[in-house]
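[1] prediction below, plus the sequence it came from.
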Amino acid sequence: MPRYARVMVDDTGGNAFDYEIPPEVAGSLQIGSRVWVPVRTRAMLGTIIGFADGTDAEGVKTIHSVASAEPVLTPLLLRLGEWMASYYCCPLEVALRGILPQVIRKGEVGHKTRLFVRLIREVPAEELDALTNKAPLQAGVVEYLQTAGKPVPASELAEKCDAGHSVVQALVKKGIAVAESTKVERDPFEDEVFLHAGQLDLNEEQRVVFERVRAAIDATIPAPGTAASAAGPLPILLHGVTGSGKTEIYLQAIQLVLERGRTAIMLVPEISLTPQTVERFKSRFAALQQDVAVLHSHLSDGERHDEWHKVRRGDARIVIGARSAIFAPVRDLGLIVVDEEHENTYKQEEAPRYHGRDVAVVRAQMEKCAIVLGSATPSLESYHNATTGKYELLNLTKRVDDKKLPLIRIVDMRTDPRKKGSFLSEKLITAIEQRLTRKEQSILFLNRRGFSTSLICEKCGYVCECENCSVSLTFHRAVARVICHICGYQAVAPARCPKCGDVSIRHSGTGTEKVEDLVARIFPQAIVRRMDADAMQRKGAFRETLGAFRAGKIDILIGTQMIAKGLHFPNVTLVGIINADLGLHLPDFRAGERTFQLLTQVAGRAGRGDVDGEVFVQSFTPFSPSIQFARHHDFEGYWEQEIEFRKQWDYPPFSHLILIGIRSPHQARAQFSAETLSRRLAEELPAGANLGEPAPAPLEKSHGQFRFQIMLRSRSVMKLSRHVRAVLDKLTFPEDVIVTIDVDAYQLL
Ligand code: ADP
Ligand code: ZN
């Protein structure tokens, strides 16, 4: 056994130190073990990332104690962490923070145990009679345990037999029963029953796709007598229109992988991790007696702990989860699926700022396993990789059972005749009316919550703005407050202008709350519900509303992006998009791409049953390409014009982009730091890299901080990352200046 362990200490910003291994624990430690080590005067937790027989370090200390000898990291996950650190330009410790769930790192939550009581010998009838006379409660417990025929939780005995601790103890003393604490799983789906569901017969198009996926899976598992290919199969990009049966293919591919003795990870955007998706997976694999681990952000620490261990032990061989599920500690990975691969929610917006899809591709490469990226609207990056031969492209062009894609009608809001100030066109109102008479359901989409998006004084022009951010406050009528959607600042909504005291405050801009209000007034007979972050605050509200909608108890559902994706309701025949222009004019080169994706996804909610769907898209710029191509379901047309634009300006996918953010409560310090940094970066910029001017961010102020940014672009990201790291390591900034590095940034505002 080597004498020294290299330990990456938590929360030190990335320092690894060598420690001597105490002989008594030497045999049990592995890479990935967690240990307590002395750092200055404190004991801290860290992860073993290597071993050595010698060390150059001076004053080497000894490991205090072992927190968990069982490794929390596999060597492969450690390698993935190293890749992340160099690609995303962050310390390894920060990368590992992304890989290990907090609850596992801290090690404060353990397995849940419960006290069970069981009989350890027969109790003959005479003895029981005697007991009944002397101690009826004890006798009651014996009878209860006899009937149960298995260990019973002490809490159940307390409830059913009125038998508290002393009663059980008496039986233990008599040598009749024992009380033992037993490990139990916290199961987030404890109360649910999943009906077994078998697989569907694939249609022609699906079969062709499935054969290619099967070939990729086969390539990872060598036929007897041959060697596995050294590189692993090409990643597959599955471009399939909404409702074309992509999920069915994922399910069958995962089943195939399980049959081959391997495991699978399926990533879905947090937002699509709806009860519907989970149910579909649980039901399918329940039929095969396979447990599915579900990892998402709403689990309690205890639940997350148990799901993670279930995966690590190999008791669950299928993991479905949001982006961080890509770090699930499964072994023998055979397949990774990334559903809705274009979704921005795969990008983590705090350090480590990784992209779940891109990490998935790298992990697949390291594991030499198959990977399928699926979407109805692939990202430009992935589609570009498919056209250049880095990925294999597969297509599903038709909806299952030849259901038609919905008919999309664009409503030109500049010329549409409607009541003054109304944001609902006559055409859309008529369409909703028709659905109500036909007892069909409608969805109205607006990606902005609240009632009105700003309060303006008609007299003096004053606008209610956030004290901490450079945005106007949104009025929420339900709570009669104005709220900042950036930092959460709130105040009582003013009845008069705070500046001039006039009462003519005008509400401008529309949010979902106002849509709900107007729709309820136009259609008093309809049952209208709103689904957005405000309406869904109560735990379980999301589920309940979806359940009610599915059961047909809601006629019109109004919502934000929460309802845009992944939902499948056969009775929805109408989708209205209230304002397609929102987001189209943001200062972000992806604005067009996002609008195209969003329109296509939202439209995809219509017509998934027997009746054809219809979509109304309201817009003030009806001829913008994103809207026109979405209208014709023309991904290729859209792709061709968009890729041309990216090429012309050398934006991704033709370059990688690193966005450096510099912020401080003091504007001058932020600006000065940005300028200094920019100068240093320019001094030894690697060839082929492009450095933008330091400039105020489009959102100039947020959470009381002034924000500046520097944009770097280059074909090779690793070289650029190294350069940025090297420059930053040599610079010191004033204490209140925070510098962030975002590689392949998505959030440009
Ligand atoms: P996507 O993931 O592309 O949106 P889904 O896999 O959710 O599509 O399929 C849409 C609907 O069609 C689902 O209700 C699904 O059960 C059904 N479906 C998928 N494949 C088949 C098939 N081969 N035969 C019958 N129904 C299918
Ligand atoms: Zn604010």
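    Perfect, I can see it now. Numbering: from 1, shown residues only. Ligands and ions are numbered 1, 2, ... in the order given.

[2] quick one: contacts of stretch 295-310?
    Contact with stretch 295-310 is made by 101-104, 109-112, 185-188, 270, 273, 291, 293-294, 316, 319-322, 324-325, 328-329, as judged by Cβ atoms under 8 Å, 6 or more residues apart in numbering. Placement of C-beta: from N, CA and C, glycine included.

[3] ok, of these, which come out buried?
    Among the contacts of stretch 295-310, those classed as buried by 16 or more other Cβ atoms under 10 Å are 101, 103-104, 109, 185-186, 188, 270, 273, 291, 293-294, 316, 319-322, 324-325, 328-329.

[4] ok, the closest residue to Glu20 other than its chain neighbours - contacts?
    Once flanking residues are discounted, Glu20 sits nearest to Thr62: 4.4 Å by Cβ to Cβ, 6 or more residues apart in numbering. Taking Cβ under 8 Å, 6+ apart, we find Thr62 in contact with Tyr19, Glu20, Ile21, Pro22, Pro38.

[5] the first one: helix or strand, and which one exactly?
    Translated: Tyr19. strand 16-20 (DSSP states H and E).

[6] tell me what that strand is packed against?
    If contacts are counted by 3 or more Cβ pairs under 8 Å, 6 or more residues apart in numbering; DSSP states H and E, strand 16-20 sits against strand 4-9, strand 34-39, strand 61-62.

[7] with adjacent residues omitted, what lies nearest to the one residue in the stretch 201-350 of the chain that gets nearest to ligand 2?
    Closest to ligand 2 within the stretch 201-350 of the chain is Glu349: 16.7 Å, counting by Cβ to the ion. Closest residue to Glu349 apart from its sequence neighbours, by Cβ to Cβ, 6+ apart: Gln747 at 5.7 Å.

[8] where does the one you found sit: helix, strand or coil?
    Following DSSP: H, G, I helix; E, B strand; the rest coil, Gln747 is assigned to coil.

[9] pLDDT value on it, please?
    What the model reports for Gln747 is a pLDDT of 88.

[10] shaky segments in the stretch 151-300 of the chain?
    188-197, 222-231, 271-273 (pLDDT under 70).

[11] how does it look with 50?
    For the stretch 151-300 of the chain, no stretch has pLDDT under 50.

[12] out of the helices and strands packed on strand 16-20, which gets nearest to Asp412?
    Nearest to Asp412, of all the helices and strands packed on strand 16-20, is strand 4-9, at 58.7 Å by Cβ to Cβ.

[13] direction included, what does the closest one pair against?
    According to DSSP bridges, strand 4-9 forms sheet pairs with strand 16-20 (antiparallel), strand 42-52 (antiparallel).

[14] take these and lay them out in TSV including mean neighbour count and distance to ligand 2.
    Below are the strands paired with strand 4-9 laid out as TSV (neighbours: other Cβ atoms under 10 Å; distance: least, Cβ to the ion, whole Å):
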stretch	mean neighbour count	distance to ligand 2
strand 16-20	18	39
strand 42-52	18	35
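
[15] let's have those strands in a markdown table, adding mean pLDDT.
    Listed next are the strands paired with strand 4-9 as a markdown table, based on pLDDT from 0 to 100:
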| stretch | mean pLDDT |
| --- | --- |
| strand 16-20 | 91 |
| strand 42-52 | 90 |
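
[16] ok, how many other residues are close to the residue of the stretch 201-350 of the chain closest to ligand 2?
    12 (other Cβ atoms under 10 Å).

[17] in a helix, it, correct?
    No: counting by three-state DSSP, Glu349 is located in no helix; its state is coil.

[18] got a pLDDT number for it?
    On pLDDT, Glu349 comes in at 93.

[19] low-confidence bits of the stretch 1-150 of the chain, can you list those?
    Those would be none, if you go by pLDDT under 50 across the stretch 1-150 of the chain.

[20] again with the stretch 601-749 of the chain
    Using pLDDT under 50, nothing in the stretch 601-749 of the chain is flagged.

[21] and the helices in it?
    Assigned by DSSP state H, counting those that start in this stretch, the stretch 601-749 of the chain shows helices spanning 625-631, 635-649, 667-683, 717-730.

[22] check the offset of the first one from the chain's centre.
    This points to helix 625-631. In terms of Cα atoms, centre = their mean, to the nearest Å, the centre of helix 625-631 is found 28 Å from the chain centre.

[23] helices or strands up against it?
    Checking 3+ Cβ pairs under 8 Å, 6+ apart, helix 625-631 ends up next to strand 407-412, helix 591-603, strand 614-619, helix 635-649.

[24] and that helix, what's buried?
    Ser626, Ile627, Gln628, Phe629, Ala630, Arg631.

[25] for the last one, same thing?
    Under the neighbour-count criterion of 16+ other Cβ under 10 Å, helix 717-730 has Val717, Leu720, Ser721, His723, Val724, Arg725, Val727, Leu728 buried.

[26] wait, what's in contact with the last one?
    I take that to be Leu728. Per Cβ under 8 Å, 6+ apart, neighbours of Leu728: Leu677, Val739, Ile741.

[27] which one among those gets closest to Ala697?
    Val739 (13.2 Å).

[28] would you mind naming the residues that bridge with that closest one?
    Ile662.

[29] tally of neighbours for it?
    So Val739, with other Cβ under 10 Å, has 19 neighbours.

[30] could you measure from it over to ligand 1?
    Going from Val739 to ligand 1 by Cβ to the nearest ligand atom, to the nearest Å gives 41 Å.

[31] wait, doesn't that residue sit right on Ser664?
    No: checked against Cβ atoms under 8 Å, the pair Val739 and Ser664 is beyond contact range at 9.8 Å.

[32] related to what we said a few turns ago, who's in contact with the strand holding Tyr19?
    3-9, 35, 37, 39, 49, 52, 55, 57, 60-63, 92-93.

[33] show me the contacts for whichever residue of the stretch 601-749 of the chain sits closest to ligand 1.
    For the stretch 601-749 of the chain, the residue closest to ligand 1 is Arg608, as judged by Cβ to the nearest ligand atom, at 6.9 Å. Each residue near Arg608 by Cβ under 8 Å, 6+ apart is listed here: Gly243, Arg399, Lys403, His568, Phe569, Pro570, Val572.

[34] in a helix, Leu171, correct?
    Yes: Leu171 forms part of a helix when assessed by three-state DSSP.

[35] the closest residue to it other than its chain neighbours pairs with what?
    Excluding the flanking residues, the one nearest Leu171 by Cβ to Cβ, 6+ apart is Ala177, at 4.3 Å. With DSSP bridges as the criterion, Ala177 is bridged to Leu119.

[36] so who does Ala177 touch?
    Val117, Arg118, Leu119, Ile120, Val141, Val142, Leu145, Val168, Leu171.

[37] how about JSON lines for these, with neighbour count added?
    What follows is the contacts of Ala177, written out as JSON lines (neighbours: other Cβ atoms under 10 Å):
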{"residue": "Val117", "neighbour count": "23"}
{"residue": "Arg118", "neighbour count": "15"}
{"residue": "Leu119", "neighbour count": "19"}
{"residue": "Ile120", "neighbour count": "10"}
{"residue": "Val141", "neighbour count": "27"}
{"residue": "Val142", "neighbour count": "21"}
{"residue": "Leu145", "neighbour count": "21"}
{"residue": "Val168", "neighbour count": "22"}
{"residue": "Leu171", "neighbour count": "26"}
